[in-house]
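>>> whatever this is, show me its structure:
(4 chains)
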There are 2 protein chains.
Amino acid sequence: MAAQRGNGGGRPTIRNVAALAGVSVATVSRVFAGSAGVSAELTRRVHAAADELGYRPHVVAQSLASGRSNIVGMLVPNLANPHFYTLIKQVLHDAGRDGYQVLVADSDESPAAERDLGLSLLERADGLVLCAPRSAPGVLRELVGRGRPVLVMDRKLDDPVVSTVVMDAHGAMRELVQHLVDLGHEHVTYLHGPARSWQEQERWRALRGYRRRGLRVSEVPAGATVEAGHRVAGQVLETGCTAVVAHNDLSAIGLMAALDERGLRIPDDMSVTGYDDIPFGRFMSPSLTTVHTSQEEAASAAWQAMRGLLEGGRPGARTVVASEPVFRRSTAGPRSAESG
Amino acid sequence: MAAQRGNGGGRPTIRNVAALAGVSVATVSRVFAGSAGVSAELTRRVHAAADELGYRPHVVAQSLASGRSNIVGMLVPNLANPHFYTLIKQVLHDAGRDGYQVLVADSDESPAAERDLGLSLLERADGLVLCAPRSAPGVLRELVGRGRPVLVMDRKLDDPVVSTVVMDAHGAMRELVQHLVDLGHEHVTYLHGPARSWQEQERWRALRGYRRRGLRVSEVPAGATVEAGHRVAGQVLETGCTAVVAHNDLSAIGLMAALDERGLRIPDDMSVTGYDDIPFGRFMSPSLTTVHTSQEEAASAAWQAMRGLLEGGRPGARTVVASEPVFRRSTAGPRSAESG
DNA sequence: TTGTAAGCGTTATCAT
DNA sequence: ATGATAACGCTTACAA
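You can find the predicted model right below:
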């Protein structure tokens, strides 16, 4: 017969409210759903009864009955990257305004974990915000196949059933490199990020394009973390370049620290650029030249798109958020140019 | 009659599996719950049927029937603080191992939001991890009163119904200050953090204690962010101190950047200490003297405690994680000591 | 406008 | 060891 008491020991239910107010449970449900078509008198009585009992709708029961949980999932490759927690923070805020809670998961850059966590999130969530997914398109399609809206950030996709919000990496990156060229650099090294990252591919593509214009471009595989940048300082110096373009701010910061430890001066001995404009970059010494994207704007666009999808809107929208380089003190002309 | 299809359009239910396997739904439920007492033969048939149909238990229905959601809430005052997202990241990991998902919320340092978000989280979650709560004890008790386990981090409490995990701020802070005293500093300034933060009170109390030993201690209200530290550089200089003890790494970094902009050298013109040992501190220039606590250890302890509570364990446990100062390059003897 | 009642997909009690 | 079935607390056709 009766299952255990799942609630907090005698928490009032919709039936108690209905009884006290002298109405049916349907009416109480309608009042709390805010649906029109309930008389002012009954609405008042329901509220009075609910207040008296301290009634709050049971969200899990609501979810089961309605098929909506008012939860969205958010999956990022690395919560320790300021780019992602900034996104999360903003989405948390916007979603909260609309009555949604956010289940967060971190794949730690693992495509396999990405798939599992994504599926697991979709068991509960009404929709999924997938940040910079590293998974193959087939896996993404599998996630979408669960029948719930999926919004992809930081990765361009052709799939018409997912909406995407991306930052325009290409243009800003080219401006950044042009800046280095204008300063007189003739040999730059690129610190590669995670291979499966779409952003990485975009950034590298933009830089690589400069080879055709006579810029010498060396490559050093690194990663997307401070540690990765710190680790590869030796390899960078071996290239003999005068400037480094890092995949992101984190690896740029790590590299700068390592160069500093070796007694090199930035930007005098080496110019360094990052990407993302994380808050710390502005306060580094020297402050970091980087590329800024309004993450608030991106996150708001993402939530707006997600909300549209949750309300039944058609997927496939593509939002592109503009990016622009921010020139600070970590870049200058190469020493040879000064003394030459 | 039938409500709408809440599921993804014809998703198999436990009944379909039972029918195909030729058993009752109760047996299917038992098999998936891993409960002993189902014959090997039926277990096999259930799994075969489930695989054939691609059946996965409906987590929301499970939640309603069992009263457990396998979700925990985690509420932090500021997701942009590395201290907190490190905690979240680790809890995400540990909780995930145990099959729990994590609902994250950010109160933005607002006690009112803390209460609302906490209550809202507890509607769904089996338990709540409350990080560095700024709310009054009464509010915390209200949250606990919802009948679900609450674990408080970064704040000491007397309440026997909540378990706590705190870092030992007092001892490490005193070592840090002693270090400054040993270096010859006679006048230090404290950059205050958020007034309602327990950690802030602990840190300040430890430093203030040095007044009795003849140390001159000035105070500047700041906050817990990079911007806060950056903003108050002028006030700091007006005190005439030779060293600054900041509430945390973030405000220390902000202050250092501001001092740098004014042409001051650290540590030559001013020693600066932080607190938390966030990853960036090691890679700053100069690297930041701070206090390290194993956040992995703290987070693991927190999850372990939470899991115990979720399994019905008695609350009230107090875990204290050790902290120790990390001396790096942002501290040195005062200039007057050198030239004097 | 309001009420009735059939689900939603499980779990867990009770009987066998 | 297995099955039948009443909850869990709500939403939403459908009837009135």
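>>> quick one, domains of chain A?
Following automatic domain parsing, one finds the domains of chain A at A:14-66, A:71-167+A:294-322, A:170-293+A:326-339.
>>> for those, which one sits closest to DNA strand C?
Nearest of the domains of chain A to DNA strand C, taken as C-beta to the nearest atom of the strand: domain A:14-66 at 3.2 Å. (Glycine included, C-beta is placed from N, CA and C.)
>>> looking at the sheet around A:H192, what are its partners?
As for beta bridges, A:H192 partners with A:P221 under DSSP bridges.
>>> so how far is A:P221 from it?
5 Å (C-beta to C-beta, to the nearest Å).
>>> who's more crowded, those two?
A:H192 (21 against 14; other C-beta atoms under 10 Å in any protein chain shown).
>>> tell me which residues touch the more buried one, please.
A:E200, A:W204, A:E219, A:V220, A:P221, A:A222, A:G223, A:H247 (C-beta atoms under 8 Å, 6 or more residues apart in numbering or on different chains).
>>> how about the nearest residue to the last one once chain neighbours are set aside, phi and psi?
Closest residue to A:H247 apart from its sequence neighbours, by C-beta to C-beta, 6 or more residues apart in numbering or on different chains: A:G193 at 3.1 Å. According to degrees, to the nearest 10, the main-chain angles of A:G193 amount to phi -100, psi -160.
>>> what number of residues lie near A:G193?
24.
>>> thought it was touching A:V220?
No: A:G193 lies out of contact with A:V220 (C-beta atoms under 8 Å); the separation is 11.2 Å.
>>> before we move on, back to that, and the contacts of A:H192, which is closest to DNA strand D?
Minimum distance to DNA strand D across these is 42.9 Å, recorded for A:E200 (C-beta to the nearest atom of the strand).
>>> please pull out the lowest mean pLDDT helix or strand from chain A.
Least confident helix or strand, chain A: helix A:335-339 with a mean of 57, by mean pLDDT, DSSP states H and E.
>>> pLDDT weak spots in the stretch 201-340 of chain A?
A:336-340 (pLDDT under 70).
>>> tell me which element the residue in it that DNA strand D sits nearest to is part of?
Minimum separation of the stretch 201-340 of chain A from DNA strand D (C-beta to the nearest atom of the strand) falls at A:G312, amounting to 12.7 Å. A:G312 is located outside every helix and strand, with elements delineated by DSSP states H and E.
>>> that one: neighbouring residues, count only.
7.
>>> for it, what are phi and psi?
Note on A:G312: backbone dihedrals following degrees, to the nearest 10 are phi 100, psi 0.
>>> all helices of the stretch 201-340 of chain A, in order?
Assigned by DSSP state H, counting those that start in this stretch, the helices in the stretch 201-340 of chain A fall at A:226-231, A:233-239, A:249-261, A:279-283, A:295-310, A:335-339.
>>> winner for burial among those helices?
helix A:249-261 (a mean of 25; mean count of other C-beta atoms under 10 Å in any protein chain shown).
>>> so which elements touch that helix?
strand A:187-192, helix A:226-231, helix A:233-239, strand A:243-246, strand A:271-273, helix A:279-283 (3 or more C-beta pairs under 8 Å, 6 or more residues apart in numbering or on different chains; DSSP states H and E).
>>> quick one: buried ones out of the contacts of A:H192?
A:E200, A:W204, A:V220, A:A222, A:G223, A:H247 (16 or more other C-beta atoms under 10 Å in any protein chain shown).
>>> so does stretch A:276-292 get close to chain B?
Yes: using C-beta under 8 Å from any C-beta of the partner chain, stretch A:276-292 comes into contact with chain B via A:P279, A:F280, A:R282, A:F283, A:M284, A:S285, A:S287.
>>> out of these, which two are the most distant from each other?
A:P279 and A:S285 (14.7 Å; C-beta to C-beta).
>>> kindly present the buried ones among the contacts of A:H192 as JSON lines, with separate columns for distance to B:W303.
As requested, the buried ones among the contacts of A:H192 are exported to JSON lines (distance: C-beta to C-beta, whole Å):
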{"residue": "A:E200", "distance to B:W303": "33"}
{"residue": "A:W204", "distance to B:W303": "38"}
{"residue": "A:V220", "distance to B:W303": "38"}
{"residue": "A:A222", "distance to B:W303": "32"}
{"residue": "A:G223", "distance to B:W303": "27"}
{"residue": "A:H247", "distance to B:W303": "32"}
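>>> between those residues, which is nearest B:H93?
A:G223 (19.2 Å).
>>> surely that closest one is in contact with A:R196?
No: using C-beta under 8 Å, A:G223 makes no contact with A:R196, being 11.8 Å away.
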